[in-house]
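1. missing the sequence, but the structure's below:
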């Protein structure tokens, strides 16, 4: 076969060179764009992971504070001491000393530096020793008591004080009818010791990586914590173009490209709201740092491309000069393509290895490559720091020597399961043995790297030091156990007191009635049989004895009725309130006989309640209305009802003697009377019985009145039966 002579002008080699050069440039651009996309995706994934980690840590911290304030507020002894101190108008020094001792123990054991107690009106009454007034948090205390749940007190700074964050919650006292809110407690912690370190720590190697916590304040955004300035000092207008935190507030959560931070620098960031708070959390890196590796990679791609272009040009020139045959040209082209692929693969591999090396060496957690036979293949400095070994010594230590003896069997089983493909990863908390033989708590995660043929190559160990967290968990658990023991002790004391009350009620019912009946009976006999021997004063005195004996008997009956009201189990049923009120009113015919009384009952809705309890409630309220309107001509009594939210409010209104509105808080208390016995008879127990029955149904009581104008007594019952049952419990 004859091979034609090459042309005298290098037309074909020049064409081949130009085509090859174009291909090389396209390949170079494709490699560069691929590296840039991989770099950006890697940074975005890291930013999202950091942001989600910080949000999770904040959520956990807030949850722990919520538990702390709930446990503290449920301390029945503290609630009783505080209630007693308030009832004594701050004059009970023993109660105050007990309260201060508990506040000091809370500061010492849990780490709060500011504790304050508020009364039911939201006024600061007691605070831990050595701190400034916390009265400004009264509105939050009122909200916590009104909603019966803890409220967050956002980051704040008082004059001359460090930045604090706190939680305020209700203080509950165990009463016979359930729990009663007597006040609120504020627990404040220094943010620079407990919250800011969580946010300022950046777990990945970066010079500009930063976590920023911000919140809106009017027309600007306050940056609570940053690395570049003291906390709560940087404010940025919310209209600033491209502001990362502002975009998150407008609902643009997630990765934000083309944004700027509070300093106006272009950044790549991830922003999201912190659930349950007004905060926005931003994890970001400066764009110049994100793009820095790309410039180095671009230089490598350019150098490799130039080398390949030079090689291609040289080969083509040599080919033209040598006037090689056609088969030689094909061989050279194949060799050239192979060289191109090798050079590209080498450049990409070099760039990837460099990124992996930097990540491995500078990671904030311990990393190791361990062979399938248990030998150390590679360790980083952080792992050596956790275990206390020099980096040259650790690879000579057997893996079993750093594991706790109790964990050897389970760790070996976990590695076998990874090798068998039964699980992709194993993550547990473990104790490792340091070089000085001390134990350190770590979180250990193992995964297995396999080759393209599925063969197991080596394990990757990720080791995080959690010793500080374990210590805090142990301290918090110990405090919770002590607190639960105190609660159990107080509960036992309450049960003993209830048993004593039951015994006392029995004694009152059986042992005190007999002497009273004897006094009343014998005084009547003496008055009848010896009346001729007695003067008018003697007869009057015998009448006083009989009257007081009957009053004492009535008082005993009322006390027993109150005791039964607290112990009686409710039998809920749908009640016709119209028929019930009419029946009770008919039973009061003797009390209103001979008096002009105008009675009006509106149409009343039915409710789910206990019939015996409701009969007693209407009996007491209507009897009171008749009694206190006895001097009116005519007396007017009105019964009505209305629904407000989840309660149906029933009302008894009269035009009787009324009462001073300043004392309405005492009306439903036991033995509380606003009128003398010479004006109106009674023992001061009837309204206390009304309150107890209503509260057992999960309802509320209220009263309004004015002297010589009249009074309105109201009680609200739940609309739904399940609410009544919850009140019963």
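-> Happy to help now that I have it. As the structure is a computational prediction, the values presented were derived from the model and not from experiment.

2. Just the element for the nearest residue to residue 164 once chain neighbours are set aside, please.
-> Closest residue to residue 164 apart from its sequence neighbours, by CB to CB, 6 or more residues apart in numbering: residue 188 at 4.4 Å. The C-beta positions use only the backbone N, C-alpha and C, and glycine is treated the same way. Secondary structure assigned from DSSP states H and E places residue 188 in strand 178-190.

3. still on that earlier bit, what sits against the residue nearest to residue 164?
-> 112, 113, 114, 115, 116, 134, 153, 164, 165, 166 (CB atoms under 8 Å, 6 or more residues apart in numbering).

4. Please name the bridge partners of it.
-> For residue 188, the beta-bridge partners are residue 114, residue 166 (DSSP bridges).

5. Can you give me the pLDDT of it?
-> As predicted, residue 188 sits at a pLDDT of 88.

6. And it, how close does it get to residue 492?
-> Distance, residue 188 to residue 492, by CB to CB, to the nearest Å: 33 Å.

7. go on, residue 248?
-> 51 Å.

8. same deal with residue 292?
-> From residue 292 over to residue 492 (counting by CB to CB), the distance is 67 Å.

9. When the two are compared, which one has more neighbours?
-> Using other CB atoms under 10 Å, the more surrounded residue of residue 292 and residue 492 is residue 292, with 14 against 10.

10. Show the contacting residues for the nearest residue to residue 286 once chain neighbours are set aside.
-> Ranked by CB to CB, 6+ apart and with sequence neighbours excluded, the top spatial neighbour of residue 286 is residue 208, at 3.9 Å. By CB under 8 Å, 6+ apart, residue 208 lies in contact with 285, 286, 288, 289.

11. Determine which two of those are furthest apart.
-> 285 and 288 (9.1 Å; CB to CB).

12. quick one, domains of the chain?
-> 11-40+294-360, 74-190, 195-290, 365-465, 568-728 (automatic domain parsing).

13. And the ones you listed: which comes nearest residue 472?
-> domain 74-190 (8.7 Å).

14. what separates that closest one from the chain centre, distance-wise?
-> When distances are taken as CA atoms, centre = their mean, to the nearest Å, domain 74-190 is centred 18 Å away from the chain's centroid.

15. Next, the distance between the ends of that domain.
-> 24 Å (CA to CA, to the nearest Å).

16. The stretch 251-400 of the chain: helices as residue ranges?
-> 287-322, 326-362, 381-387, 399-402 (DSSP state H, counting those that start in this stretch).

17. Tell me which other helices or strands the third one touches.
-> Meaning helix 381-387. Helix 381-387 sits against strand 366-371, strand 439-450, strand 456-465, with contacts defined as 3 or more CB pairs under 8 Å, 6 or more residues apart in numbering; DSSP states H and E.

18. CSV for the ones you listed, including distance to residue 628?
-> As requested, those are arranged in CSV below (distance: least, CB to CB, whole Å):
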stretch, distance to residue 628
strand 366-371, 80
strand 439-450, 70
strand 456-465, 73
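
19. Is it possible to get CSV of those that adds mean pLDDT?
-> Compiled in CSV, the helices and strands packed on helix 381-387 are given as follows (pLDDT from 0 to 100):
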stretch, mean pLDDT
strand 366-371, 87
strand 439-450, 87
strand 456-465, 86
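
20. so which of these comes closest to residue 173?
-> Across those, closest to residue 173 is strand 439-450 (CB to CB), at 39.7 Å.

21. Can you give me the first-to-last residue distance of stretch 251-263?
-> 22 Å.

22. which residues touch that stretch?
-> With CB under 8 Å, 6+ apart as the criterion, stretch 251-263 contacts 44, 47-48, 210, 212, 214, 221, 223, 226, 228, 234, 236, 240-245, 247-248, 266-273, 282, 284.

23. Let's see which of those residues end up in strands.
-> 210, 212, 214, 221, 223, 234, 236, 266-273, 282, 284 (DSSP state E).

24. which of those count as buried?
-> 210, 212, 214, 221, 223, 234, 236, 267-272, 282, 284 (16 or more other CB atoms under 10 Å).

25. on that earlier part again, could the contacts of residue 188 go into CSV alongside pLDDT and neighbour count?
-> Shown next, in CSV, are the contacts of residue 188 (pLDDT from 0 to 100; neighbours: other CB atoms under 10 Å):
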residue, pLDDT, neighbour count
112, 82, 24
113, 83, 17
114, 87, 23
115, 90, 25
116, 89, 25
134, 83, 23
153, 89, 21
164, 87, 23
165, 89, 21
166, 89, 24
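
26. From those residues, pick the one nearest residue 718.
-> residue 153 (32.0 Å).

27. so which strand or helix has that closest one?
-> Per DSSP H and E: strand 151-157 holds residue 153.

28. now that strand against strand 178-190, angle please.
-> 20 degrees (axes from the mean of the first three to the mean of the last three CA atoms, to 10 degrees).

29. Show me what counts as buried in strand 151-157.
-> 151, 152, 153, 155.

30. And the first one, how close does it get to residue 277?
-> If I follow you right, that is residue 151. Look at residue 151 and residue 277: by CB to CB, they are 12 Å apart.

31. In contact with residue 451, which residues are there?
-> In this structure, residue 451 makes contact with residue 457, judged by CB under 8 Å, 6+ apart.

32. Could you do residue 83 as well?
-> 173, 182, 183.

33. how far does stretch 362-382 stretch from start to finish?
-> Stretch 362-382: ends 8 Å apart by CA to CA.

34. longest helix of the protein?
-> Criterion DSSP state H: the longest helix present in the chain is helix 11-73.

35. What are the buried residues along the next helix or strand after it?
-> Heading C-terminal from helix 11-73, the first helix or strand you meet, by DSSP H and E, is helix 76-87. For helix 76-87, a neighbour-count test (16+ other CB under 10 Å) marks 76, 77, 78, 79, 80, 81, 82, 83, 84, 85, 86 as buried.

36. Show residues contacting the strand holding residue 153.
-> So strand 151-157 is contacted by 62, 137, 140-141, 143-144, 163-169, 186, 188, 191, 215, 224, 231-232, 276-278 (CB under 8 Å, 6+ apart).

37. can you check stretch 705-713 too?
-> 621, 624-625, 628-629, 651-661, 664, 687, 690, 701-704.

38. on that earlier part again, just the contacts of residue 188 now: which is nearest residue 97?
-> residue 115 (15.4 Å).

39. For residue 102, see how far away that closest one is.
-> With CB to CB as the criterion, residue 115 and residue 102 are 9 Å apart.
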